[in-house]
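Asker: Sequence and predicted structure below; questions after.
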Amino acid sequence: MPAPVARPSSELDKPPLVPDPLSSGLVAANVSVRGSVVSSDDLYIDGEVDGSVEALGSTITVGPNARVTASITARRVIVLGSVQGPVTAQNSIELRKTCKLVGNLITPRIAIEDGAYFKGSIDMYRPKNQACTPSDAVALEERYSKLVDLKYLRGLTKPEEAEFESLASKLASLDASFYEPILERLARSNDVRGNVGAPLRVG
(Lines give C-alpha, C1' and ligand atoms only; values in the text may rest on other atoms or scores of the structure.)
Protein backbone atom coordinates (compact mmCIF):
# COMPACT_ATOMS: atom_id res chain seq x y z
CA MET A 1 0.00 0.00 0.00
CA PRO A 2 1.31 3.49 -0.80
CA ALA A 3 2.21 5.79 2.07
CA PRO A 4 -0.45 8.38 3.00
CA VAL A 5 -0.38 11.47 0.84
CA ALA A 6 0.01 14.79 2.66
CA ARG A 7 -2.44 17.59 2.11
CA PRO A 8 -1.01 20.51 0.15
CA SER A 9 0.63 23.25 2.19
CA SER A 10 -0.12 26.93 1.69
CA GLU A 11 3.11 27.06 -0.28
CA LEU A 12 1.81 24.46 -2.69
CA ASP A 13 -1.52 26.25 -3.08
CA LYS A 14 0.52 28.69 -5.14
CA PRO A 15 3.54 26.58 -6.17
CA PRO A 16 6.70 28.26 -7.43
CA LEU A 17 7.25 28.08 -11.15
CA VAL A 18 9.10 25.06 -12.45
CA PRO A 19 12.52 26.13 -13.78
CA ASP A 20 12.48 26.91 -17.50
CA PRO A 21 14.05 24.00 -19.44
CA LEU A 22 15.56 26.49 -21.88
CA SER A 23 17.59 28.12 -19.10
CA SER A 24 18.65 24.79 -17.57
CA GLY A 25 20.68 21.77 -18.58
CA LEU A 26 18.24 19.51 -20.44
CA VAL A 27 17.70 15.79 -20.87
CA ALA A 28 14.97 15.99 -23.51
CA ALA A 29 11.97 13.70 -23.86
CA ASN A 30 13.57 11.75 -26.72
CA VAL A 31 16.89 11.21 -24.87
CA SER A 32 17.88 8.12 -22.87
CA VAL A 33 20.91 8.18 -20.57
CA ARG A 34 22.48 5.18 -18.84
CA GLY A 35 25.11 6.06 -16.26
CA SER A 36 25.89 9.17 -14.20
CA VAL A 37 24.65 12.67 -14.97
CA VAL A 38 26.52 15.48 -13.16
CA SER A 39 25.44 19.12 -13.59
CA SER A 40 26.84 22.37 -12.21
CA ASP A 41 23.66 24.24 -13.18
CA ASP A 42 19.93 23.63 -12.88
CA LEU A 43 18.91 20.45 -14.68
CA TYR A 44 15.58 19.60 -16.32
CA ILE A 45 14.96 15.94 -17.10
CA ASP A 46 12.10 14.95 -19.39
CA GLY A 47 13.62 11.79 -20.86
CA GLU A 48 14.92 8.52 -19.42
CA VAL A 49 17.84 8.22 -16.98
CA ASP A 50 19.13 5.00 -15.44
CA GLY A 51 22.01 5.43 -12.99
CA SER A 52 22.54 8.55 -10.85
CA VAL A 53 21.88 12.29 -11.18
CA GLU A 54 23.74 15.03 -9.25
CA ALA A 55 23.45 18.82 -9.20
CA LEU A 56 24.75 19.58 -5.72
CA GLY A 57 24.41 23.35 -5.88
CA SER A 58 21.34 23.57 -8.09
CA THR A 59 17.79 22.40 -8.81
CA ILE A 60 16.86 19.14 -10.52
CA THR A 61 13.41 19.06 -12.08
CA VAL A 62 11.96 15.73 -13.20
CA GLY A 63 9.48 16.67 -15.93
CA PRO A 64 6.08 15.06 -16.50
CA ASN A 65 7.35 12.80 -19.29
CA ALA A 66 10.46 11.65 -17.44
CA ARG A 67 11.20 8.11 -16.31
CA VAL A 68 14.10 8.15 -13.90
CA THR A 69 15.52 5.01 -12.29
CA ALA A 70 18.36 6.58 -10.37
CA SER A 71 19.56 8.18 -7.18
CA ILE A 72 19.04 11.96 -7.27
CA THR A 73 21.11 14.44 -5.25
CA ALA A 74 20.67 18.22 -5.47
CA ARG A 75 19.98 21.38 -3.51
CA ARG A 76 16.31 21.33 -4.54
CA VAL A 77 14.36 18.57 -6.30
CA ILE A 78 11.00 19.02 -8.05
CA VAL A 79 9.25 15.87 -9.29
CA LEU A 80 6.43 15.91 -11.83
CA GLY A 81 7.20 12.57 -13.52
CA SER A 82 8.25 9.05 -12.52
CA VAL A 83 11.19 8.35 -10.21
CA GLN A 84 12.42 5.08 -8.72
CA GLY A 85 15.34 5.56 -6.37
CA PRO A 86 16.54 7.56 -3.36
CA VAL A 87 16.29 11.37 -3.47
CA THR A 88 18.48 13.67 -1.35
CA ALA A 89 17.99 17.45 -1.28
CA GLN A 90 19.84 20.00 0.85
CA ASN A 91 16.98 22.51 0.74
CA SER A 92 13.69 20.87 -0.26
CA ILE A 93 11.86 18.18 -2.19
CA GLU A 94 8.58 19.01 -3.94
CA LEU A 95 6.28 16.24 -5.20
CA ARG A 96 3.75 17.66 -7.63
CA LYS A 97 0.34 16.08 -8.27
CA THR A 98 1.48 14.30 -11.47
CA CYS A 99 4.48 12.61 -9.86
CA LYS A 100 5.01 8.94 -9.06
CA LEU A 101 7.95 8.38 -6.73
CA VAL A 102 9.09 5.11 -5.18
CA GLY A 103 12.15 5.61 -2.99
CA ASN A 104 13.47 7.02 0.26
CA LEU A 105 13.77 10.79 0.73
CA ILE A 106 16.35 12.76 2.73
CA THR A 107 15.68 16.48 3.12
CA PRO A 108 15.02 19.12 5.80
CA ARG A 109 11.86 20.25 3.98
CA ILE A 110 9.18 18.33 2.05
CA ALA A 111 6.04 19.47 0.20
CA ILE A 112 3.60 16.97 -1.32
CA GLU A 113 0.77 18.09 -3.56
CA ASP A 114 -2.62 16.47 -3.26
CA GLY A 115 -2.76 13.63 -5.80
CA ALA A 116 0.98 12.84 -5.81
CA TYR A 117 1.94 9.15 -5.45
CA PHE A 118 4.74 8.43 -3.01
CA LYS A 119 5.94 5.16 -1.52
CA GLY A 120 8.98 5.15 0.74
CA SER A 121 10.39 6.76 3.86
CA ILE A 122 11.20 10.39 4.68
CA ASP A 123 14.30 11.26 6.73
CA MET A 124 14.13 14.86 7.92
CA TYR A 125 17.90 15.00 8.21
CA ARG A 126 19.80 17.76 9.99
CA PRO A 127 23.59 17.75 9.58
CA LYS A 128 25.78 17.68 12.67
CA ASN A 129 27.60 20.86 13.65
CA GLN A 130 25.60 22.98 11.22
CA ALA A 131 25.82 26.60 12.30
CA CYS A 132 22.86 27.60 10.13
CA THR A 133 19.40 26.41 11.17
CA PRO A 134 17.08 24.83 8.55
CA SER A 135 14.86 27.94 8.54
CA ASP A 136 17.90 30.17 7.98
CA ALA A 137 19.06 27.92 5.14
CA VAL A 138 15.61 28.13 3.54
CA ALA A 139 15.66 31.93 3.74
CA LEU A 140 19.12 32.05 2.14
CA GLU A 141 18.00 29.70 -0.63
CA GLU A 142 14.83 31.70 -1.33
CA ARG A 143 16.78 34.97 -1.58
CA TYR A 144 19.40 33.29 -3.80
CA SER A 145 16.64 31.94 -6.09
CA LYS A 146 15.14 35.43 -6.42
CA LEU A 147 18.52 36.83 -7.42
CA VAL A 148 18.97 34.04 -9.96
CA ASP A 149 15.61 34.98 -11.50
CA LEU A 150 16.60 38.66 -11.60
CA LYS A 151 19.93 37.77 -13.19
CA TYR A 152 18.16 36.07 -16.09
CA LEU A 153 15.40 38.70 -16.41
CA ARG A 154 17.33 41.98 -16.29
CA GLY A 155 20.80 41.40 -14.93
CA LEU A 156 22.02 42.32 -11.45
CA THR A 157 23.07 45.65 -10.03
CA LYS A 158 26.49 45.85 -8.36
CA PRO A 159 25.04 45.49 -4.82
CA GLU A 160 22.91 42.56 -5.99
CA GLU A 161 25.91 40.95 -7.65
CA ALA A 162 27.89 41.23 -4.41
CA GLU A 163 24.99 39.73 -2.45
CA PHE A 164 24.67 36.96 -5.05
CA GLU A 165 28.34 35.98 -4.68
CA SER A 166 28.10 36.09 -0.88
CA LEU A 167 25.00 33.87 -0.82
CA ALA A 168 26.56 31.43 -3.27
CA SER A 169 29.57 31.08 -0.96
CA LYS A 170 27.41 30.56 2.14
CA LEU A 171 25.21 27.98 0.43
CA ALA A 172 28.25 26.13 -0.90
CA SER A 173 29.59 25.78 2.66
CA LEU A 174 26.20 24.45 3.77
CA ASP A 175 26.30 21.92 0.93
CA ALA A 176 29.60 20.52 2.19
CA SER A 177 28.34 20.11 5.75
CA PHE A 178 25.10 18.58 4.54
CA TYR A 179 26.13 16.17 1.81
CA GLU A 180 29.32 14.60 3.13
CA PRO A 181 27.76 12.77 6.12
CA ILE A 182 24.72 11.75 4.05
CA LEU A 183 26.72 10.33 1.16
CA GLU A 184 29.02 8.50 3.55
CA ARG A 185 26.01 6.98 5.31
CA LEU A 186 24.36 5.98 2.03
CA ALA A 187 27.60 4.43 0.78
CA ARG A 188 27.88 2.34 3.95
CA SER A 189 24.31 1.09 3.53
CA ASN A 190 24.83 0.42 -0.21
CA ASP A 191 21.95 2.71 -1.15
CA VAL A 192 24.07 4.57 -3.72
CA ARG A 193 24.49 2.75 -7.03
CA GLY A 194 27.88 2.30 -8.62
CA ASN A 195 28.53 4.49 -11.65
CA VAL A 196 28.06 2.96 -15.09
CA GLY A 197 30.71 4.30 -17.44
CA ALA A 198 32.01 7.86 -17.37
CA PRO A 199 29.80 10.61 -15.89
CA LEU A 200 27.86 12.79 -18.29
CA ARG A 201 28.45 16.38 -17.28
CA VAL A 202 25.82 18.99 -18.09
CA GLY A 203 26.47 22.71 -17.83
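Answerer: Received, thanks. Numbers count the residues shown, from 1 in each chain.
Asker: what residues are up against Ser32?
Answerer: Counting by C-beta atoms under 8 Å, 6 or more residues apart in numbering, Ser32 touches Gly47, Glu48, Val49, Asp50. The C-beta positions use only the backbone N, C-alpha and C, and glycine is treated the same way.
Asker: again, only using 7 Å
Answerer: Gly47, Glu48 (C-beta atoms under 7 Å, 6 or more residues apart in numbering).
Asker: Look up how far Ile45 lies from it.
Answerer: 11 Å (C-beta to C-beta, to the nearest Å).
Asker: Ok, Ile110 next?
Answerer: 20 Å.
Asker: Compare these two and say which is more crowded by neighbours.
Answerer: Shown here are Ile110 and Ile45; by other C-beta atoms under 10 Å, Ile45 has more neighbours (33 against 17).
Asker: pretty sure that one contacts Arg67?
Answerer: No. Counting by C-beta atoms under 7 Å, Ile45 stays clear of Arg67, with 9.3 Å between them.
Asker: if you skip the residues just before and after it, what's nearest to Phe118?
Answerer: Leu101 (5.1 Å; C-beta to C-beta, 6 or more residues apart in numbering).
Asker: what's the burial count for the one you found?
Answerer: Leu101 - counted by other C-beta under 10 Å - has 25 other residues nearby.
Asker: Val83 now?
Answerer: Residues near Val83, counting by other C-beta under 10 Å: 28.
Asker: Next: Ala168.
Answerer: Other residues lying near Ala168 total 15 when counted by other C-beta under 10 Å.
Asker: Looks to me like it is in a helix.
Answerer: Yes. The assignment for Ala168 by DSSP: H, G, I helix; E, B strand; the rest coil puts it in a helix.
Asker: quick one: contacts for it?
Answerer: By C-beta under 7 Å, 6+ apart, the contact set of Ala168 is Tyr144.
Asker: Helices of this structure, start to end?
Answerer: Counting by DSSP state H, the chain has helices at residues 10-13, 134-153, 158-188.
Asker: what separates Leu150 from Arg76, distance-wise?
Answerer: 18 Å.
Asker: With neighbour numbers in mind, choose between the two.
Answerer: Arg76 (22 against 14).
Asker: Wait, that one touches Thr59, no?
Answerer: Yes. With contact defined as C-beta under 7 Å, Arg76 reaches Thr59; the gap is 4.3 Å.
Asker: Before I go, just wanted to say thanks for your time.
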